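> this one's structure only:
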């Protein structure tokens with residue numbers, strides 16, 4: 001809020017204003033002499049017209065500067081000596097060569113050690129201030145510490161003796177300044193930070209306050225100007241550049257210097273702010289980590305948590321010694337997240353021991369439903385997600401890509417090429433890692449580090465418990481997660497998710513658009529699809545343009561475009577009507593390698609009523625299994641009755657093995673469906689129910705009756721003998737029976 005008049009220093013300013021009807025005094029020259037009596041400190045120094053933010057208040061200290069000077073800019077002031085603060089005999093004799101106002105700046109801590117409130121004077125603490133006629137002005141200033149401004153109006157040129165502060169400890173010495181009578185006080189600017197940082201796409205709101213004494217009475221004006229900016233950058237002030245309170249938008253990243261000027265037509269005050277437009281960066285150290293093993297030294301029910309993280313696929317020259325090791329790092333990203341911002345430029349920084357081999361470390365994310373469990377100190381290969389552990393592979397067996405439990409892990413987030421360095425190295429950034437963090441909802445992520453390079457691969461990475469840290473960059477240890485939080489100017493949250501397998505029947509690509517850089521803006525997108533790495537030198541990347549200038553967040557894929565066994569890359573470029581240029585999108589990918597689950601079911605079963613003690617029904621067990629590639633999601637199972645003479649009762653139709661009850665005799669057909677959300681695999685099995693065990697046996701293909709079972713009751717007994725005897729010597733041939 002602009003203030004056009006301030007009655008500062010009790011009646012002094014108002015009196016000064018009344019003395020000058022049209023214009024004010026702008027020559028600050030009033031202090032003509034200063035002598036420090038009984039002082040062993042450095043001699044005080046007069047600084048003519050030099051009071052401003054950033055200059056030294058004291059002659060013997062360079063670690064303190066003026067700040068928040070308010071209306072006192074451009075005044076004569078005296079650099080006093082901090083070393084005089086506790087001297088009980090020191091005096092400052094200050095000579096003013098014309099009428100005016102003498103100011104004292106007294107450390108708030110004097111008398112009570114309370115920095116937040118004005119000093120407590122009297123009772124032996126600077127009693128002379130009140131006796132000399134000084135009064136509080138209602139204003140404050142910073143002299144390297146908060147201070148209160150006291151003023152004394154003098155109607156003639158005079159030498160005034162200022163006495164001892166005699167209050168030391170952590171305080172500083174009082175300061176001295178003066179203004180001539182009728183002085184046109186320089187407008188005061190507050191609320192403008194010296195430096196600040198803004199994320200790309202965000203605006204900076206400055207709630208400035210400009211105050212003045214009303215002299216010379218012609219009004220007060222303000223003006224924002226852009227002093228420096230990156231080449232080609234645009235700075236927009238809303239509502240306009242002549243408002244003290246503004247919202248400022250920046251068209252690109254970089255460092256900007258902005259200036260707010262306030263003038264009363266005679267005196268001008270200026271305040272600059274340096275604005276860095278860059279993503280808000282972060283660096284995180286793992287809060288938990290573990291190495292799980294399946295080798296000749298540490299078996300699958302044990303673990304390693306030491307100063308070294310093992311990522312190994314090693315077979316010794318003896319052909320026996322093995323090191324099969326995978327490491328996990330858990331990070332708490334809850335405190336890093338910011339409303340309206342997304343993770344971007346995420347990367348990893350790590351340091352390997354010098355003897356580590358060359359090769360690749362592959363980084364996967366553990367899916368959110370599997371990343372929360374009890375302490376890592378109790379986990380092992382047998383229990384951790386991400387690796388096959390039901391059953392555990394044979395002890396010491398080579399780690400391959402099939403070692404991954406694909407139901408637990410995301411697609412590959414990044415590949416780290418290691419070269420045996422002993423320094424912290426930055427790896428990335430990775431857009432897939434960005435997307436993994438952005439998809440998190442519980443504030444915890446779990447990364448898995450594995451290698452399935454050939455069997456001489458042996459990486460040892462310093463862990464969070466090692467003494468080696470990332471020096472002055474982050475000061476953190478282990479595998480450090482770095483990145484930025486930024487308001488997205490680009491498309492995010494691809495559907496299908498990045499680097500996943502889909503069916504060729506995929507019909508739509510989707511994404512989330514960013515918010516416009518300024519209110520009222522319109523976002524439009526161009527969408528490109530290709531099967532090779534993008535050529536950024538071409539306006540369409542060398543891809544097929546699926547859409548141009550659309551305002552939605554999805555696009556249909558033309559029927560028949562997607563082919564099997566193909567990797568597709570796609571990009572969504574964003575145009576913002578309130579900004580110039582185009583924001584190029586991430587390169588997302590998907591493949592059409594998704595296979596239908598393979599389902600296996602048991603052979604047909606032949607059973608009979610009362611086979612489980614209930615004459616009115618038969619009982620059986622449905623047994624099946626399925627295998628899949630893990631894409632695009634873990635498969636689900638479902639048993640269904642396809643056909644039969646009655647309604648079968650399935651105990652648990654989503655379990656691979658389940659009991660089933662069959663109410664009447666007849667032929668029943670069941671199917672087991674494995675669904676990966678994109679494709680289905682189906683297996684069929686039959687259960688044949690008959691009234692008796694004999695009839696069930698006779699229904700089996702290739703049934704052969706027992707020799708001598710003349711009545712087909714599945715037994716050879718006296719009934720068969722009786723039949724045999726009753727037909728003894730009968731014949732039905734043309735020849736006579738003998």
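Cool, the structure landed. As the structure is a prediction and not an experimental result, all values here were calculated from the model.
> what segments of this structure are helices?
12-19, 128-131, 431-439, 693-698, 718-726 (DSSP state H).
> of the ones you listed, which stretch is the most buried?
Among the helices of the chain, helix 431-439 has the highest mean neighbour count (mean count of other C-beta atoms under 10 Å), at a mean of 22. C-beta here means a position set from N, CA and C on the backbone, and glycine is covered the same way.
> how does this structure divide into domains?
26-180, 189-278, 282-486, 492-591, 598-698 (automatic domain parsing).
> so which of these gets nearest residue 723?
Residue 723 sits nearest to domain 598-698 of all these, at 16.6 Å, using C-beta to C-beta.
> kindly check the end-to-end length of the closest one for me.
32 Å (C-alpha to C-alpha, to the nearest Å).
> repeat that for stretch 124-137.
End-to-end distance for stretch 124-137, by C-alpha to C-alpha: 22 Å.
> what's it in contact with?
With contact meaning C-beta atoms under 8 Å, 6 or more residues apart in numbering, stretch 124-137 is reached by 8-10, 12, 103-104, 106, 110-111, 118-119, 121-122, 148-152, 160, 162-167.
> average pLDDT across that stretch?
For stretch 124-137, mean pLDDT rounds to 95.
> mind listing what's buried along that stretch?
Going by neighbour count (16 or more other C-beta atoms under 10 Å), the buried part of stretch 124-137 is 126, 129, 134, 136-137.
> count of residues packed around the closest residue in space to residue 267 that isn't next to it in sequence?
Using C-beta to C-beta, 6 or more residues apart in numbering and skipping the chain neighbours, the partner closest in space to residue 267 is residue 186 (4.5 Å). Using other C-beta atoms under 10 Å, residue 186 is surrounded by 27 other residues.
> JSON lines for the domains of the chain, including distance to residue 715?
Shown next, in JSON lines, are the domains of the chain (distance: least, C-beta to C-beta, whole Å):
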{"stretch": "domain 26-180", "distance to residue 715": "106"}
{"stretch": "domain 189-278", "distance to residue 715": "87"}
{"stretch": "domain 282-486", "distance to residue 715": "45"}
{"stretch": "domain 492-591", "distance to residue 715": "56"}
{"stretch": "domain 598-698", "distance to residue 715": "8"}
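> if we can go back for a sec, isn't the residue nearest to residue 267 right up against residue 70?
No: if you go by C-beta atoms under 8 Å, residue 186 and residue 70 don't touch, sitting 9.3 Å apart.
> mind jotting down where the strands sit in the stretch 551-700 of the chain?
In the stretch 551-700 of the chain, the strands defined using DSSP state E, counting those that start in this stretch lie at 554-556, 567-576, 588-591, 598-601, 605-608, 618-627, 636-643, 649-650, 657-662, 666-675, 680-690.
> tell me how far the residue nearest to residue 629 when sequence neighbours are not counted lies from residue 639.
Nearest residue to residue 629, sequence neighbours excluded (C-beta to C-beta, 6+ apart): residue 595, at 5.1 Å. Distance of residue 595 to residue 639, computed by C-beta to C-beta, to the nearest Å: 22 Å.
> now do residue 685
Residue 685 is 9 Å from residue 639, by C-beta to C-beta.
> what do these two both touch?
622, 624, 670-672.
> any chance of a markdown table for those, columns pLDDT, distance to residue 193 and neighbour count?
A markdown table is the format used below for these (pLDDT from 0 to 100; distance: C-beta to C-beta, whole Å; neighbours: other C-beta atoms under 10 Å):
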| residue | pLDDT | distance to residue 193 | neighbour count |
| --- | --- | --- | --- |
| 622 | 97 | 71 | 23 |
| 624 | 95 | 67 | 22 |
| 670 | 97 | 72 | 23 |
| 671 | 97 | 69 | 17 |
| 672 | 97 | 66 | 25 |
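> what's the most distant pair in those residues?
Greatest spacing in those, by C-beta to C-beta: 622 and 671 (10.1 Å).
> what do those two both touch?
With C-beta under 8 Å, 6+ apart, residue 622 and residue 671 have common neighbours 639, 685.
> okay, and the beta partners of the nearest residue to residue 236 once chain neighbours are set aside?
If the residues on either side of it in the chain are set aside, residue 236 comes closest to residue 249, at 4.5 Å by C-beta to C-beta, 6+ apart. Note on residue 249: beta-bridge partners residue 203, residue 236, judged by DSSP bridges.
> burial of residue 249, as a residue count?
Close neighbours of residue 249, defined as other C-beta under 10 Å, add up to 20.
> who's in contact with it?
Applying C-beta under 8 Å, 6+ apart, we find residue 249 in contact with 203, 235-236, 238, 517-518, 578.
> now do 10 Å
The neighbours of residue 249, taking C-beta atoms under 10 Å, 6 or more residues apart in numbering as the test, are 198, 201-204, 234-238, 277, 517-518, 578-579.
> for ChimeraX, what selects the buried ones among those?
Here is the ChimeraX selection string for the buried members of the contacts of residue 249, based on 16+ other C-beta under 10 Å:
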select :198,201,202,203,204,235,236,237,277,517,518,579
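> for the contacts of residue 249, which one is nearest residue 565?
Using C-beta to C-beta, the contacts of residue 249 come closest to residue 565 at residue 201, 39.2 Å.
> quick one: residue 90 from residue 38, how far?
For residue 90, the distance to residue 38 - C-beta to C-beta - is 5 Å.
> list residues touching both of the two?
Contacts common to residue 90 and residue 38, judged by C-beta under 10 Å, 6+ apart, are 84, 164.
> those two: which is more packed in?
Legend: neighbour count by other C-beta under 10 Å for residue 90 and residue 38, higher for residue 90 (23 against 11).
> my guess is residue 715 contacts residue 706. True?
Yes: using C-beta atoms under 10 Å, residue 715 makes contact with residue 706 at a distance of 7.8 Å.
> now do the contacts for residue 427.
Shown in contact with residue 427 (C-beta under 10 Å, 6+ apart): 347-350, 361, 363, 414-418, 479, 482.
> and those residues as TSV, adding neighbour count and distance to residue 33?
Formatted as TSV, these follow (neighbours: other C-beta atoms under 10 Å; distance: C-beta to C-beta, whole Å):
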residue	neighbour count	distance to residue 33
347	18	63
348	24	66
349	19	61
350	24	66
361	24	74
363	25	73
414	20	71
415	12	75
416	23	71
417	10	73
418	21	72
479	28	66
482	21	59
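> among those residues, which lie within strands?
When DSSP state E defines the strands, the subset of those inside them is 347-350, 361, 363, 414-418, 482.
> now, which of those sits nearest residue 607?
Nearest to residue 607 among the ones in strands among the contacts of residue 427 is residue 363, at 52.1 Å by C-beta to C-beta.
> my guess is the closest one contacts residue 417, does it?
No: Residue 363 lies out of contact with residue 417 (C-beta under 10 Å); the separation is 11.8 Å.
> tell me who's in contact with residue 521.
Neighbouring residues of residue 521 by C-beta under 10 Å, 6+ apart: 514-515, 575-579.
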